[in-house]
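**Student:** my questions are about this predicted structure, shown below with the sequence.
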Amino acid sequence: MEVESRFKNKPLEERIRRYEELKTKHPGKIPLVIERNSLSKLTGSDSFRFVSKPATKFSHFSNQIRTALKLDQKAQLFFVNENGAIIKPESTIEEIAKKALNEDGFLYIVYQEVQSFGT
């Protein structure tokens, strides 16, 4: 899966400045940028931004995204971190960040629907 971020197209200095602002407003929390894969056929919002307590399970965010996209129960999404590893719903944000936190302080995640035969 192609892992890219439109937010990361901004200059590093700008992203670091934004991280510092968030860190001041939300001390101890990790900023997440969750974006739709460019090859995805899903419609609706293509980008979600959150700040999270480190102990929060990723399933919390995946459920919010499913709701925002108005997906039915049968639709499946998968999420990949910046290093290309699939994220398990039971993982904490801290666990994911230890493996894939960007140098700018943000945790970048890409989502896409699961492709099935006949669709």
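**Tutor:** All right, it came through fine.
**Student:** ranges for the strands of this structure?
**Tutor:** Using DSSP state E, the strands of the chain run over 30-36, 47-52, 77-81, 107-113.
**Student:** for the first one, packing partners?
**Tutor:** Think strand 30-36. Judged by 3 or more CB pairs under 8 Å, 6 or more residues apart in numbering; DSSP states H and E, the packing partners of strand 30-36 are strand 47-52, helix 58-69, helix 93-100, strand 107-113. C-beta here means a position set from N, CA and C on the backbone, and glycine is covered the same way.
**Student:** who are the neighbours in contact with Arg6?
**Tutor:** Going by CB atoms under 8 Å, 6 or more residues apart in numbering, Arg6 touches 35, 47.
**Student:** from Arg49, how far out is it?
**Tutor:** Noted for Arg6: a distance of 12 Å to Arg49, by CB to CB, to the nearest Å.
**Student:** give me the below-cutoff pLDDT ranges for the protein.
**Tutor:** Where the chain drops to pLDDT under 70, the residues are 1-4, 115-119.
**Student:** for Asp87, the count of nearby residues, please.
**Tutor:** Just so we're on the same page, residue 87 is Ile rather than Asp. Residues contacting Ile87 under the criterion other CB atoms under 10 Å number 23.
**Student:** so what's Phe78 bridging to?
**Tutor:** Gln112 (DSSP bridges).
**Student:** kindly list the longest helix within this protein.
**Tutor:** helix 12-25 (DSSP state H).
**Student:** which other helices and strands contact that helix?
**Tutor:** Other helices and strands packing on helix 12-25, by 3+ CB pairs under 8 Å, 6+ apart, are absent; none qualifies.
**Student:** neighbouring contacts of it?
**Tutor:** By CB under 8 Å, 6+ apart, the surrounding residues in contact with helix 12-25 are 7-8, 29, 31, 51, 103-106.
**Student:** what do you get if the cut-off is 6 Å, keeping everything else the same?
**Tutor:** Around helix 12-25, the neighbours that count as contacts under CB atoms under 6 Å, 6 or more residues apart in numbering are 31, 51, 104-105.
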